[in-house]
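> missing the sequence, but the structure's below:
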């Protein structure tokens, strides 16, 4: 069973508009959430994270929102740029269970100019 | 400030052969992780070291897999008697535990792509 789900395999957005990538999780023990971006033939690059004690974290064009009651988080990219086109992975970990990150299957974002 | 490096970047081998991959973490990172990623999936955790101690192993890590981190610096992942199902991207990540909290940000290397013929 998948503990971290990214239900949209792909998303297409125009340059300058907002991109919203969604992630749902099932394990209530998760207390730390991260977003990674991955280009083909490269390793995942860390983007932004959020602890379960917060509901929002912002870094430049990237904002992550966490809704613990719904077990849902989202990544907002504003404004979207063509260089943002990549696969985005949501990941979660639970301190009590160890340090392994549990990843979703990813969402491919395409930003057109 | 160099990131996580992995060698080789690509490895093609025949079924039944042994292969070894190397990971050099970010300097002063005391934690090192190995993950495996197959097409259409997110990375899956294999094992984790804190300094030289291997503290966690996934059920994915069969007896044919072994990982070491001598002296708490670089790490090696060896796969013995490779099978076609071992074909995947093998990713290494490192982190530095901060603030006494058990979770921390993991930074990934470029990966080693293994193809077993």
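Yep, it's here. Computed from a prediction, not measured in an experiment: that's the story for all the values here. Residues are numbered from 1 along each chain as shown, chains lettered A, B, ... in the order given.

> from here on, contacts and neighbour counts on C-alpha atoms
Will do.

> could you pull out the strands for the chain?
All of this refers to chain A. Applying DSSP state E to chain A gives strands spanning A:4-5, A:10-14, A:19-25, A:32-38, A:45-51, A:56-59, A:62-67, A:72-77, A:86-93, A:102-103, A:107-112.

> Correction: the question concerned chain B.
B:5-7, B:10-13, B:19-24, B:31-37, B:44-50, B:53-57, B:65-68, B:75-79, B:88-95, B:107-108, B:112-116.

> Around chain B, pick out the residues from chain A.
A:32, A:34, A:41-46, A:49, A:89, A:93-96, A:98-106 (Cα under 8 Å from any Cα of the partner chain).

> Spell out which residues of chain B are next to chain A.
Near chain A, when you scan chain B using Cα under 8 Å from any Cα, you find B:40-45, B:48, B:56, B:91, B:101-111.

> Now, of those, which are buried?
B:42-45, B:48, B:56, B:91, B:103-111 (16 or more other Cα atoms under 10 Å in any protein chain shown).

> follow-up on the earlier one: need the strands of chain A in CSV with mean pLDDT, can you?
Shown next, in CSV, are the strands of chain A (pLDDT from 0 to 100):
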stretch, mean pLDDT
strand A:4-5, 97
strand A:10-14, 98
strand A:19-25, 98
strand A:32-38, 95
strand A:45-51, 94
strand A:56-59, 96
strand A:62-67, 98
strand A:72-77, 98
strand A:86-93, 96
strand A:102-103, 95
strand A:107-112, 98
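
> Take the ones you listed and lay them out in a markdown table including mean neighbour count.
Compiled in a markdown table, these are given as follows (neighbours: other Cα atoms under 10 Å in any protein chain shown):
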| stretch | mean neighbour count |
| --- | --- |
| strand A:4-5 | 22 |
| strand A:10-14 | 15 |
| strand A:19-25 | 22 |
| strand A:32-38 | 22 |
| strand A:45-51 | 19 |
| strand A:56-59 | 14 |
| strand A:62-67 | 19 |
| strand A:72-77 | 20 |
| strand A:86-93 | 25 |
| strand A:102-103 | 24 |
| strand A:107-112 | 20 |
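
> can you put the ones you listed in a markdown table and add distance to residue B:19?
Formatted as a markdown table, the strands of chain A follow (distance: least, Cα to Cα, whole Å):
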| stretch | distance to residue B:19 |
| --- | --- |
| strand A:4-5 | 31 |
| strand A:10-14 | 35 |
| strand A:19-25 | 35 |
| strand A:32-38 | 25 |
| strand A:45-51 | 26 |
| strand A:56-59 | 40 |
| strand A:62-67 | 39 |
| strand A:72-77 | 38 |
| strand A:86-93 | 28 |
| strand A:102-103 | 26 |
| strand A:107-112 | 31 |
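
> Burial check on the closest residue to residue B:42 other than its chain neighbours, number of neighbours?
Excluding the flanking residues, the one nearest residue B:42 by Cα to Cα, 6 or more residues apart in numbering or on different chains is residue A:105, at 4.5 Å. Around residue A:105 there are 25 other residues, counting by other Cα atoms under 10 Å in any protein chain shown.

> Can you pull up the most central residue in chain B?
Geometric centre of chain B, nearest residue: residue B:34, 2.7 Å, by Cα atoms, centre = their mean.
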